[in-house]
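In: structure for this input, please:
(2 chains, ligands or ions: 2)
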Amino acid sequence: MQRIDRLGVLLSFVGALALTLLPLLVFKANRIVPGEPRALLDLLPTAALALYSTLAAAAAVAVFVQSPRVRLLAALIGIAALAVAVAAAADILTPADNRVVRVAPGAGFWIVLIALGLLATDALTRLRPGPVLRVATLAVFLAATLAALGSGFFDDLSIMREYAVNATRFAHEARRHLLLALGSLAAAVIVALPLGVLCHRQPRLRNAVLGALNVVQTIPSIALFGILMAPLAAMALAFPALAALGLSGIGAAPAAIALFLYSLLPIVGNTVVGLGRVSPAAVDAARGMGLTDGQILRQIELPLALPTILTGIRIVLVQNIGMVTIAALIGGGGFGAFVFQGIGQTAIDLVLLGAIPTVVLAFSASVVLDALTDLTRRVPR
Amino acid sequence: MIQLESLCKRYGESTVVDDVSMVIEPRTMTTIVGTSGSGKSTLLRMINRLVEPTSGRVLIDGNATTAEPAHLLRRRIGYAIQGLGLFPHRTVADNIATVPRLLGWSDERVRERVTELLELFQLDPGLYATKFPHELSGGQQQRVGVARALAAKPNVLLMDEPFGALDPIIRAKAQDDLLGIQRRFGTTVILVTHDIDEAFRLGDRVAVMSQGRLLQHDRPAVLLTQPADPFVSQLIGAGDKSLKLLSLTTAGEIVEPGKVDGPAVPWSVTLRDVLAELVWSGAAAATVVGPDGGPIGHVTLASILTRGRQAA
Ligand SMILES: Nc1ncnc2c1ncn2[C@@H]1O[C@H](COP(=O)(O)OP(=O)(O)OP(=O)(O)O)[C@@H](O)[C@H]1O
Ligand SMILES: [Mg+2]
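Out: Ligands and ions are numbered 1, 2, ... in the order given. Predicted coordinates for the structure are as follows:
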């Protein structure tokens, strides 16, 4: 009796449904009109058959094969076949030196891609790779994706077209995005870590600080941007020196400040929780052996609380990468600029050009920090 | 010598340690017993200033403990507690090396000392030095805790219920080890316990505390024969006084020359154990076996009974 994998059944069913009901490809006369579906079978019969049999094989593996290695391999081959087939079709559909026509992956493509992605992630999880291996896998995957996109093979796909048009701005917004997310994180760590230590030592301060930060956390981001605009604009007006430094009611300054404020609670909170979990006996023994307060903090308390603190930092980093997108609304820049511009122009490709890198960035940040957390957790919980 | 002079500790209204004065001779083991909450830990922690006295003072070799910063004082005094307080993120070797490193010993010297201590506590250095505390059994962790307290060769060792979490067999072994080390290195040990048998077994002198006050501080036999307070006799269990007294003397101490027909007992066991052996076997005398395994004489039932009767 063959054992049947339930997740495999579900993913295969969803994938098959998507392939039958939804288009794999969408053809658009230009970047803003709605597209019309195209069937791969009409365009490239051989490639289509090859793709469908590959996907069917992947589905069979997903349902019947238990070995995580084989499942991972099947998922990766499926993803590669899907990408290649769609790129090849785009190449055929695009008339030579026509810069207006757009061929975009359709809903069917995205759903099958997500199904295969889930299959791959599930297989990876079952392999239980160590922290170093997880980061290495991520790096290899990102490098392979970048190499594939850079090869020119996918240039006829609509998102790559959109990228080609915006290449310089893309690099600029990417830098801006990272700078805002990481800069506000760094500032928050510098403030929140000592604050967390103080809160750990002073229970009364703890309630006040955590209470206040909780209130900040409940303010919706758009509202917080709005709240910050007026005072910042007033400050810029009152102190031209600050304005010369780039401070103004809109732009990066309110975005950075808002992100900074949102970052405080998870880091302060996790620092307090992490320090609170340190065994009182260990601290008592340390003091009894003649460690000074500073040595106890640096050598005993912080190392033991580090995994918990890093978990807080991970939350903040992922949250910031997502939230920077919204900061584009007030001129903060970042990938959100593409998203909102795309929404304004009803150009879905431009929206994706902003959204996909954001998701990839957030996912990568989470994998890397998870690995760091595991590496610093020398003691089982 | 350690002198406690009129030590008091008050938390708000409640007096936790009440005017305790006590002289502790060098190279002896003093045990502090008392019911829970009687102020034993607080008294102990005032010696290395983990708790600052409300009034009174502590002198070590004639110098007030307040003469130097508290953390420097503590580096000279070994400290081991119940629950061990081993650092979970550091290896056994690094745990033991804590105070030597604080004192700035060279790496070479630290490494030698760690190896020496692990061997002393029968933990194979090659096997255990790089392990983390959670990889050890309770008994092994406890030995590492004591080894760590002894690492910088302190003259004074403070122990707060160090064997509290151990099962009886491991506990007896740990007590033997501690006695051996204390005799060998001449460390002045002050040990808090609420196990009266442990206090009698280990203490050259036993201090009995109740409600923050020191009721009596004397040799175990004196506590048995001349309790200063009804609470003292109640605490040490007046009912089996004679047996307790017997357990303070070993067979080697009252051995008489000559051979007898009777069960063999090692010279190091207490008279209480010899008595039990004689009752069990029905013999009137036991052959005492010396450290080298050969008979060195005998003890008779009668001489044991005389010893136990001195109490009355
Ligand atoms: N920091 C403190 N603040 C207030 N009260 C305290 C403090 N430390 C100890 N006490 C009180 O002092 C009394 C004596 O405490 P201590 O820890 O010295 O007792 P103990 O004899 O060691 O008891 P146990 O055998 O349970 O360890 C207890 O009633 C305790 O509640
Ligand atoms: Mg205590």
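In: give me phi/psi at the closest residue to chain A within chain B?
Out: Closest to chain A within chain B is B:Gly85: 2.8 Å, counting by CB to the nearest CB. Every residue, glycine included, has its C-beta placed from N, CA and C. Taking degrees, to the nearest 10, you get phi 60, psi 30 for the backbone angles of B:Gly85.
In: list the contacts of it.
Out: A:Ser279, A:Ala281, A:Ala282, A:Val283, A:Asp284, A:Ala285, A:Ala286, A:Gly288, B:Gly145 (CB atoms under 8 Å, 6 or more residues apart in numbering or on different chains).
In: repeat for A:Val367
Out: A:Arg134, A:Val135, A:Leu138.
In: of those, list those near ligand 1.
Out: Among these, not one lies near ligand 1 by CB under 6 Å from any ligand atom.
In: which of those residues sits closest to B:Gly297?
Out: A:Arg134 (71.9 Å; CB to CB).
In: can you tell me the closest non-neighbouring residue to that closest one?
Out: A:Ala371 (5.2 Å; CB to CB, 6 or more residues apart in numbering or on different chains).
In: centre of the chain versus whichever helix or strand that neighbour is part of, how much separation?
Out: Here A:Ala371, judged by DSSP states H and E, is contained in helix A:348-376. In terms of CA atoms, centre = their mean, to the nearest Å, the centre of helix A:348-376 is set 2 Å apart from its chain centre.
In: now stretch B:114-133
Out: Its chain's C-alpha centre and that of stretch B:114-133 lie 22 Å apart, by CA atoms, centre = their mean.
In: give me the contacts around that stretch.
Out: Counting by CB under 8 Å, 6+ apart, residues outside stretch B:114-133 touching it are A:378-379, B:84, B:86-93, B:95-97, B:136, B:140-141, B:143-144, B:146-147, B:150-151, B:177, B:181.
In: filter the residues you listed down to the buried ones, ChimeraX style.
Out: Buried members of the contacts of stretch B:114-133, defined by 16 or more other CB atoms under 10 Å in any protein chain shown, are picked up in ChimeraX with:
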select /A:379 /B:84,86,87,88,89,90,91,92,93,95,96,97,136,140,141,143,144,146,147,150,151,177,181
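In: can you list the residues of the stretch 151-300 of chain B near chain A?
Out: Selection of the stretch 151-300 of chain B residues close to chain A by CB under 8 Å from any CB of the partner chain yields B:Leu158.
In: so where's the stretch 201-312 of chain B uncertain?
Out: Residue ranges of the stretch 201-312 of chain B with pLDDT under 70: B:238-239, B:310-312.
In: ok, 50 please
Out: Scanning the stretch 201-312 of chain B for pLDDT under 50 picks out B:311-312.
In: could you pull out the helices in it for me?
Out: Using DSSP state H, counting those that start in this stretch, the helices assigned to the stretch 201-312 of chain B run over residues B:220-225, B:230-236, B:241-246, B:271-281, B:301-309.
In: helices and strands around the third one, which ones?
Out: In this structure, helix B:241-246 makes packing contacts with helix B:220-225, helix B:271-281, helix B:301-309, judged by 3 or more CB pairs under 8 Å, 6 or more residues apart in numbering or on different chains; DSSP states H and E.
In: the one residue in chain A that gets nearest to ligand 1 sits in which helix or strand?
Out: Closest residue of chain A to ligand 1, CB to the nearest ligand atom: A:Asp284 (11.7 Å). Counting by DSSP H and E, the element that carries A:Asp284 is helix A:280-288.
In: now for that helix, which elements pack on it?
Out: strand B:77-81.
In: list the strands paired with the strand it packs on, with their directions.
Out: strand B:156-160 (parallel) (DSSP bridges).
In: tell me the mean pLDDT for the next helix or strand after the strand it pairs with?
Out: Later in the chain than strand B:156-160, the nearest helix or strand by DSSP H and E is helix B:168-185. Helix B:168-185 comes out with an average pLDDT of 89.
In: repeat that for stretch A:44-54.
Out: 90.
In: mind checking what secondary structure the residue in the stretch 101-250 of chain B positioned nearest to ligand 1 has?
Out: Nearest residue of the stretch 101-250 of chain B to ligand 1 (CB to the nearest ligand atom) works out as B:His194 at 5.0 Å. Each residue gets one of three states, and B:His194 gets coil by DSSP: H, G, I helix; E, B strand; the rest coil.
In: just give the number of residues close to it.
Out: 16 (other CB atoms under 10 Å in any protein chain shown).
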